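> turn this into a model:
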Amino acid sequence: MLESCQNAQERWGGVNLLIDRWLQERHDLVAAFGVLQDNPPPAAANHEAVQQFCEILVDYVSAGHFEVYEQLNGEAKAFGDQRGLELAKQIYPRIEAITEAALSFNDRCDNGDCRDTVSLGTELKRLGQLLHERFELEDCLIEVLHNSHRQSASAEA
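Numbers count the residues shown, from 1 in each chain. The predicted model follows:
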């Protein structure tokens, strides 16, 4: 998962500062996830690591919904990118479903329901699969919108 995150940053890192920051948040999210999944600490420390992960998770999904997706949609509209807008219409519902699952995980942890390391491991595995799917969907969306707009801007120059 970390490798695909780095590949995305290499491909689109220069698009603009907002996406750069968002891709860095994705990298931080993947790193925090790896700490939890690969090295389960004792229960008390585990709670702290889970809380840190949840903070990054909420920041990441919020930035996607309230900043990045809005900007990408705005760019697609500005360039008359019907293909990009149609793709977004198809992809956003799945991203929203994954967001709901991520926020539910966060809510359960806020309520103290993530202290059991066995169930936490199971939930993290499922959340990891969902995040991987989300990253692929986001990468697809960025690639289609960025490439389309870059080509349009080059043609106008």
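
> packing partners for the lengthiest helix in the chain?
Counting residues, the longest helix found in the chain (DSSP state H) is helix 117-156. Here helix 117-156 touches helix 2-12, helix 17-38, helix 43-63, helix 69-78, helix 82-110, going by 3 or more C-beta pairs under 8 Å, 6 or more residues apart in numbering; DSSP states H and E. C-beta coordinates here come from the backbone N, C-alpha and C atoms, glycine included.

> one more time with 7 Å
If you count contacts as 3 or more C-beta pairs under 7 Å, 6 or more residues apart in numbering; DSSP states H and E, helix 117-156 packs onto helix 2-12, helix 17-38, helix 69-78, helix 82-110.

> now those helices as a markdown table including mean neighbour count and distance to residue 48?
Conversion of these to a markdown table gives the following (neighbours: other C-beta atoms under 10 Å; distance: least, C-beta to C-beta, whole Å):
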| stretch | mean neighbour count | distance to residue 48 |
| --- | --- | --- |
| helix 2-12 | 15 | 22 |
| helix 17-38 | 17 | 11 |
| helix 69-78 | 16 | 31 |
| helix 82-110 | 16 | 11 |
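
> what is the neighbour count of the closest residue to residue 108 other than its chain neighbours?
Computed as C-beta to C-beta, 6 or more residues apart in numbering, the closest residue to residue 108 that is not its neighbour in sequence is residue 114, at 6.0 Å. Residue 114 has 22 neighbours, counted by other C-beta atoms under 10 Å.
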